[in-house]
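Visitor: How does the following fold in three dimensions:
(one chain, ligands or ions: 2)
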Amino acid sequence: MPPKDGPILGASVEREVFAQHRELDSLFEEVLDSFRPEGPPETTLEALKELREALETHFDQEDRLYYPAIWALRPDLEPQLRTLVDAHGEFLAQLDRLGTLLDRGERAEASSVFDYLSAVFKRHEDAEEAALATLDREIDAAH
Ligand SMILES: [Fe+2]
Ligand SMILES: [Fe+2]
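Guide: Ligands and ions are numbered 1, 2, ... in the order given. Sure thing, here's the model as predicted:
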């Protein structure tokens, strides 16, 4: 039997993380759209700024709030979640690289870096959601 607060906390963290991921997906889409040839470069910079701010907030919550709460209850998930936490800095570094490319007017290169970054981030989200989904199965098993 899991601790009394375990499944409730796990379910609410899972809901929150999933909801934030879908918001981040929309922001990634906005940046993607802004790379269409007819879009002005300012639109890309604005969309990137918004995405970067949302990612910083999301990463900070995962690093300091959500995942430590999960691994306090499920130590078996700690190594997996720590690996995901360790990847956060690289996403922000890649966004900075994108900003530099755009400043230099290297839009085609920036667009392909962004495509790659989007695919890697999607896999990151999938890995997190798979880890959190194990909490669901624990709840189901308890009923
Ligand atoms: Fe993450
Ligand atoms: Fe996440």
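
Visitor: Let me see the contact set for Gln61.
Guide: Shown in contact with Gln61 (CB atoms under 8 Å, 6 or more residues apart in numbering): Gln20. Every C-beta, even on glycine, is put in place using the N, C-alpha and C of the backbone.

Visitor: cool, and Leu98?
Guide: Leu98 touches 48, 110, 113-114, 117, counting by CB under 8 Å, 6+ apart.

Visitor: Kindly report the same for Glu78.
Guide: Residues in contact with Glu78 (CB under 8 Å, 6+ apart) are Trp71.

Visitor: can you do 10 Å?
Guide: By CB atoms under 10 Å, 6 or more residues apart in numbering, the contact set of Glu78 is 67-68, 70-72.

Visitor: Need the per-residue pLDDT for it.
Guide: Predicted confidence (pLDDT) for Glu78: 95.

Visitor: Pro41 versus Gly105, what's the distance?
Guide: 8 Å (CB to CB, to the nearest Å).
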